[in-house]
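# Take a look and give me a structure for this.
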Amino acid sequence: MVGIVLENVAKSFTGKRVVDGVSLDVNDGEFVAVLGPSGCGKTTLLRLVAGFETLDAGSIRIGGTEVSSRQFTLPPEKRNIGIVFQNYALWPHMSVAENVGYALKINGINAAERNRRSLDALAAVGMEAFGGRAPADLSGGQRQRVALARCLASDPSLMLLDEPLANLDVHLRASMEKEFLEFHRRTGASMIYITHDQSEAMALADRIAVMDAGRLVQFAAPRALYREPQNEMVARFIGGGMVFPARNVEPAARPGHAIVEIFGTRHQVRAKPGQQQAPDAKLCIHPGEFGLAGTEDDGFSATVERVIYRGSHNQIDFHADAMPDIPLTLHSYDEQPLSPGSSISVRVNDGWVIPAA
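Predicted structure coming up:
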């Protein structure tokens with residue numbers, strides 16, 4: 001196992017800064033997801049760690065050894081890194097077993113040892129019966145397992161995964177998530193997993209690095225990202241968070257909370273120290289943190305715009321009558337009949353005061 005340290009890493013293409021001063025510290029054996037919208041720089045960051053791109057600034061250390069700086073780049077094959085690509089990157093003219101053992105062959109491993117390690121790796125991902133087949137004869141999920149076996153056979157200290165589930169259907173993705181977790185448990189390797197899918201990141205990672213426009217905007221455990229976003233971008237990006245103004249923020253008697261005015265009514269929400277007193281603030285609330293208010297609750301008046309049946313709940317899109325231009329959504333788990341134009345009262349069950357910049 002090794003740790004990975006990135007310090008002020010930067011990379012530009014044709015004058016455009018794609019990775020901008022990213023510093024990241026991945027612990028030994030940690031599973032870290034790098035998450036962000038398309039074009040945010042996450043794949044370029046992975047390519048810099050792998051050694052496929054050179055740095056414009058900063059440095060990268062793997063296991064305490066500097067592998068990249070502005071003056072020096074250690075070749076990818078010298079970094080003891082396993083890589084799983086979105087398109088699997090299997091050689092079409094080689095059998096499954098030959099694909100798994102190819103890197104071992106290049107590294108001079110003798111045929112008997114190469115065959116043993118290849119078969120062991122295929123068995124570990126449930127593909128031992130497919131060693132003689134061609135990649136073209138496999139399903140997408142089977143090809144992904146072969147790509148994992150290839151990494152497992154080379155016994156890497158660091159695994160890089162570039163959107164490995166993007167080409168799979170939704171049911172197979174769920175199955176492969178379990179494969180990745182088992183793979184991580186078995187190898188103990190440090191893992192950096194690139195994805196634009198937050199549900200994948202939340203399910204797999206110990207910590208998630210959220211990127212936006214080339215910058216690292218927050219690095220935290222999944223629960224902290226969801227419940228305590230540090231800026232408006234993360235608040236909107238994670239879990240369908242809604243951001244809207246709050247007024248007259250005052251400390252609450254309950255530690256870690258504040259009383260805020262939302263759409264003309266007062267509610268208690270969470271707030272970090274230093275954010276519990278302000279005339280104005282931004283508030284993040286997720287759809288599950290709103291609720292339909294009863295007559296005994298102090299809710300704000302609102303109007304339903306659309307109701308969508310989601311199986312486990314009804315998604316109710318609505319607006320607050322005090323600020324009709326702000327689109328809002330709540331999840332309702334009862335069978336209360338509602339239709340567009342219905343008047344409702346909405347309570348705030350939870351929320352988070354976004355720290356001021």
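# For the chain, which residues score under the pLDDT cut-off?
1, 88, 167, 295-297 (pLDDT under 70).
# what comes into contact with the helix or strand hosting residue 152?
When elements are assigned from DSSP states H and E, residue 152 belongs to helix 140-153. For helix 140-153, contacts defined as CB atoms under 8 Å, 6 or more residues apart in numbering pick out 82-85, 88-90, 96, 99-104, 117-118, 120-122, 124-127, 130, 135, 138, 159, 164-165, 167-169, 172, 175-176, 179-180, 183, 186-187. Just so you know, the C-beta spots here come from the backbone N, C-alpha and C atoms, and that holds for glycine as well.
# Could you pull out the buried residues of that helix?
Residues 141-153 are the ones in helix 140-153 that count as buried (16 or more other CB atoms under 10 Å).
# now swap in stretch 89-98 and tell me
So stretch 89-98, judged by 16+ other CB under 10 Å, has buried residues 90, 95-98.
# Now intersect those residues with the helices, please.
96-98 (DSSP state H).
# just curious, which of those residues is nearest to residue 245?
Ranked by distance to residue 245 (CB to CB), those are led by residue 96 at 57.2 Å.
# correct me, but the closest one touches residue 132?
Yes - taking contacts as CB atoms under 8 Å, residue 96 lies within contact range of residue 132: 7.1 Å.
# Check the offset of the helix holding residue 152 from the chain's centre.
How far helix 140-153 lies from its chain's middle: 22 Å, per CA atoms, centre = their mean, to the nearest Å.
# Touching the following helix or strand past that helix from outside, list them.
As assigned by DSSP H and E, the chain's next helix or strand after helix 140-153 is strand 158-162. Outside strand 158-162, the residues that touch it by CB under 8 Å, 6+ apart are 2, 4, 43, 46, 49-50, 62, 79-86, 151, 180, 184, 187, 189-194.
# Can you flag which of these belong to strands?
4, 62, 81-84, 190-194 (DSSP state E).
# between these, which is nearest residue 271?
Closest to residue 271, out of all of the ones in strands among the contacts of strand 158-162 and judged by CB to CB, is residue 193, at 31.6 Å.
# List the beta-bridge partners for that closest one.
residue 33, residue 161 (DSSP bridges).
# so how far is residue 203 from it?
Relative to residue 203, residue 193 is positioned 11 Å away (CB to CB, to the nearest Å).
# give the contact list for residue 232.
The contact partners of residue 232, taken as CB under 8 Å, 6+ apart, are 243, 282, 284, 354.
# ok, now how distant is it from residue 256?
Counting by CB to CB, the gap from residue 232 to residue 256 is 21 Å.
# Report all helices and strands that the lengthiest helix in the chain contacts.
Of all the segments of type helix in the chain, defined by DSSP H, the longest one is helix 170-187. Where contact means 3 or more CB pairs under 8 Å, 6 or more residues apart in numbering; DSSP states H and E, helix 170-187 is packed against helix 140-153, strand 158-162, helix 198-204.
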